[in-house]
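S.K.: Fold the stuff below for me.
(one chain, ligands or ions: 1)
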Amino acid sequence: MMMMTTNTPFLNQSALAVHQAIQSGETTAVSVLDATYVHIEAHEAQVGAFLSLTKDLAYDYATEVDKKVKAGEKLPLLAGVPIAVKDNISVQGAKTTCGSKILETYVAPYDATVVKQLKDRGMPIIGKTNLDEFAMGSSTENSAFQLTHNPWNLNKVPGGSSGGSAACVSAGMVSLSLGSDTGGSVRQPASLCGLVGLKPTYGLVSRFGLVAYASSLDQISPFGRSVADVAALLDVIAGHDANDMTSAQFKPETPYLNSANPEALPQRLGGKKLKVGIIAELNGEGMDASVQQAFQQSVKLFEAQGAEVVTLSIGGIREMMAAYYIIAPAEASSNLARFDGIRYGVRTKEKVENVYDLFRKNRSEGFGAEVKRRILLGTFALSSGYYDAYYGKAQAARRLLVAEFEKAWQQVDVLICPTSPTTAFDIGAKTDDPITMYLSDVATIPINLAGIPALSLPCGFDEYHLPIGLQIMAPKFAETTLLGVASLFEDAIGLKNLIPSAFKSTGVCPV
Ligand code: GLN
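M.R.: Here you go, the predicted structure:
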């Protein structure tokens with residue numbers, strides 16, 4: 001075992017270990033934070049994960065935590081552990097740009113519910129992370145401000161839209177972060193950056209204070225480098241919120257962290273053998289050979305752990321791309337109507353003729369190309385005469401998908417498939433071809449449409465040493481099963497706490 005001294009910054013450690021070290025007095029929350037910012041300073045120019053840092057806020061909370069430790073208080077779990085937050089989640093007094101020029105100067109006047117929950121736990125929020133504009137994209141290249149680079153290979157994208165939140169965890173800057181997942185925006189970057197990313201059941205985590213993209217699909221979702229860390233963070237952010245009318249009244253019997261343990265699984269399954277389903281439609285076609293290979297090995301690993309693996313069909317699952325690109329833009333076109341440069345955001349400096357001209361100029365200047373494309377698509381799909389043909393049909397397809405998943409749960413405990421058809425791709429490789437970019441999410445999008453929970457975790461590397469992710473899916477509110485199965489797999493494959501060697505901290509603390 002490595003000797004830890006009070007000088008160890010704990011940057012390479014799990015969130016739970018960092019918390020433990022703070023609680024035990026082995027280190028302090030402030031020195032962990034110092035080390036965090038030194039590490040960011042050293043690497044951020046290469047990675048580009050952050051749109052802004054919130055140092056004052058972070059130090060306020062770290063100082064409070066240290067006072068409590070000094071006073072002999074028992075801290076709540078994860079207290080003192082630094083965390084980064086995607087820049088479409090409101091942090092009072094901090095800029096919340098959503099990666100868009102239209103909100104370049106917008107400062108959130110209130111905290112999102114999840115941010116309140118982090119603060120209540122004493123988790124220092126260290127900064128706001130880069131994203132595709134309004135969370136629309138799969139590579140973080142649609143940010144109006146900067147590129148984010150994949151720490152495993154800086155010429156590659158980190159995935160998206162929560163690319164900044166993924167890259168900062170992957171680069172060892174923080175052990176935890178929050179993103180948002182509407183069609184895969186946490187699971188796909190988790191897969192491309194070698195992390196664990198969990199999209200909870202729709203309604204489990206409050207959306208209050210998350211700038212809405214597609215309200216019936218959005219969920220705030222945690223990133224970490226291990227299943228246990230992600231489970232611990234889920235314990236912090238899950239729960240009913242009266243401020244969100246889609247928030248569920250659900251409480252797990254025991255903390256999620258207890259489920260992130262293979263030993264908890266047999267009881268969860270009532271002593272029965274674990275049954276894992278492979279989705280026939282998402283096995284092979286359009287996937288890199290390296291991804292297919294890693295997936296086949298994952299299947300073998302499940303079998304070696306005593307699971308029974310069967311292949312089954314989720315009819316229409318591949319067609320969900322089409323349904324998503326009606327439903328999500330339709331909701332987005334309505335949600336984004338509020339950004340007219342009057343109440344929020346940047347206003348045109350050009351001369352305007354009348355109020356419509358003002359709206360047009362503000363929105364033309366403020367929104368990027370992908371956001372405009374989605375607004376146009378969505379407005380068209382909702383327009384009179386087309387509503388039934390497009391939106392109505394897409395909703396009907398969504399209902400069929402829900403029924404298909406229900407059928408699957410009669411046969412298996414969890415489903416598995418590769419999270420993303422490819423590993424991280426070159427920066428610029430797909431920016432001219434939106435459809436190819438959209439296909440990055442073929443396996444993640446159906447999960448949001450069905451409202452079920454799913455998690456991505458590392459299952460191997462390709463020939464260029466880029467990480468590959470496995471997606472595990474479970475029935476609604478069965479996060480306990482999901483976490484149990486994920487930790488069984490994580491233990492078996494032994495890929496956890498992955499940080500590319502160039503970003504491993506030296507262990508030298510500045511204090
Ligand atoms: N890439 C998908 C999209 O652009 C999903 C984005 C997300 O989950 N926010 O819509």
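S.K.: Report how many residues lie close to the nearest residue to residue 109 once chain neighbours are set aside.
M.R.: Excluding its sequence neighbours, the residue lying closest to residue 109 (C-beta to C-beta, 6 or more residues apart in numbering) is residue 92, at 6.7 Å. Just so you know, the C-beta spots here come from the backbone N, C-alpha and C atoms, and that holds for glycine as well. Residue 92: 16 surrounding residues under other C-beta atoms under 10 Å.
S.K.: check contacts around residue 92.
M.R.: For residue 92, the contact set (C-beta atoms under 8 Å, 6 or more residues apart in numbering) comprises 108-111, 115.
S.K.: which of these count as buried?
M.R.: 108, 111, 115 (16 or more other C-beta atoms under 10 Å).
S.K.: ok, and which of these reach the ligand?
M.R.: Checked against the ligand using C-beta under 6 Å from any ligand atom, those give no members in range.
S.K.: Serialize those residues to TSV and add fields for pLDDT and secondary structure.
M.R.: Shown next, in TSV, are the buried ones among the contacts of residue 92 (pLDDT from 0 to 100; DSSP: H, G, I helix; E, B strand; the rest coil):
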residue	pLDDT	secondary structure
108	97	coil
111	98	coil
115	98	helix
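S.K.: Between all of the contacts of residue 92, which two are separated the most?
M.R.: Largest separation among these by C-beta to C-beta: 109 and 115, giving 12.5 Å.
S.K.: near the ligand, which residues of the chain show up?
M.R.: Within reach of the ligand by C-beta under 6 Å from any ligand atom, the chain has these residues: 135-138, 161, 180-185, 213, 328, 441.
S.K.: mind listing the strands for the protein?
M.R.: Ranges of strands within the chain are 50-53, 83-86, 125-129, 176-181, 196-199, 219-224, 275-279, 308-312, 414-418, 454-461, 467-473, based on DSSP state E.
S.K.: Of these, which stretch is the most buried?
M.R.: Mean neighbour count (mean count of other C-beta atoms under 10 Å) peaks for strand 196-199 among these, with a mean of 32.
S.K.: Paired strands for that one, with orientation please.
M.R.: Using DSSP bridges, strand 196-199 pairs in its sheet with strand 219-224 (antiparallel), strand 454-461 (antiparallel).
S.K.: For my notes, please list those in JSON lines and give mean pLDDT for each entry.
M.R.: Putting the strands paired with strand 196-199 into JSON lines (pLDDT from 0 to 100) gives the following:
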{"stretch": "strand 219-224", "mean pLDDT": "98"}
{"stretch": "strand 454-461", "mean pLDDT": "98"}
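S.K.: would CSV of these with distance to residue 288 be doable?
M.R.: CSV is the format used below for those (distance: least, C-beta to C-beta, whole Å):
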stretch, distance to residue 288
strand 219-224, 23
strand 454-461, 11
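S.K.: quick one, which of those strands is nearest to residue 194?
M.R.: Nearest of those to residue 194, taken as C-beta to C-beta: strand 454-461 at 4.9 Å.
S.K.: Contacts made by the closest one with the rest, please.
M.R.: Applying C-beta under 8 Å, 6+ apart, the external contacts of strand 454-461 come out as 186-188, 190-191, 194-199, 227, 230, 290, 293-295, 297-298, 419, 444, 447, 467-474, 482-483, 486, 489-490, 493, 495-496, 498.
S.K.: I'd like to know which of those residues are buried.
M.R.: The neighbour count (16+ other C-beta under 10 Å) marks 186-188, 190-191, 194-199, 227, 230, 290, 294-295, 298, 419, 444, 447, 467-474, 482-483, 486, 489-490, 493, 495-496, 498 as buried among these.
S.K.: Mark which of those are part of helices, please.
M.R.: Members of the buried ones among the contacts of strand 454-461 lying in helices (criterion: DSSP state H): 187-188, 190-191, 227, 230, 290, 294-295, 298, 447, 482-483, 486, 489-490, 493.
S.K.: quick one: low-confidence parts of the stretch 51-200 of the chain?
M.R.: Nowhere does the stretch 51-200 of the chain drop to pLDDT under 70.
S.K.: where do the helices sit along it?
M.R.: Ranges of helices within the stretch 51-200 of the chain are 55-70, 113-120, 163-170, 187-193, based on DSSP state H, counting those that start in this stretch.
S.K.: looking at these, which is closest to residue 11?
M.R.: Evaluated over these, closeness to residue 11 peaks at helix 163-170, with 11.1 Å, by C-beta to C-beta.
S.K.: Who are the packing partners of that closest one?
M.R.: helix 29-47, strand 50-53, strand 83-86, strand 125-129, strand 176-181, helix 187-193, strand 219-224 (3 or more C-beta pairs under 8 Å, 6 or more residues apart in numbering; DSSP states H and E).
S.K.: Recalculate using a threshold of 10 Å.
M.R.: Under the contact definition 3 or more C-beta pairs under 10 Å, 6 or more residues apart in numbering; DSSP states H and E, helix 163-170 sits against helix 29-47, strand 50-53, strand 83-86, strand 125-129, strand 176-181, helix 187-193, strand 196-199, strand 219-224.
S.K.: Among those, which comes closest to residue 430?
M.R.: Closest to residue 430 of those is helix 187-193 (C-beta to C-beta; 12.6 Å).
S.K.: avg pLDDT for stretch 368-388?
M.R.: The average pLDDT within stretch 368-388 is 94.
S.K.: residue contacts, the spatially most central residue of the chain?
M.R.: Using C-alpha atoms, centre = their mean, the residue of the chain that lies closest to the mean C-alpha position is residue 186, 2.5 Å off. Residues near residue 186 by C-beta atoms under 10 Å, 6 or more residues apart in numbering: 86, 159, 161-162, 165-166, 177-180, 195-200, 219-223, 444, 454-456.
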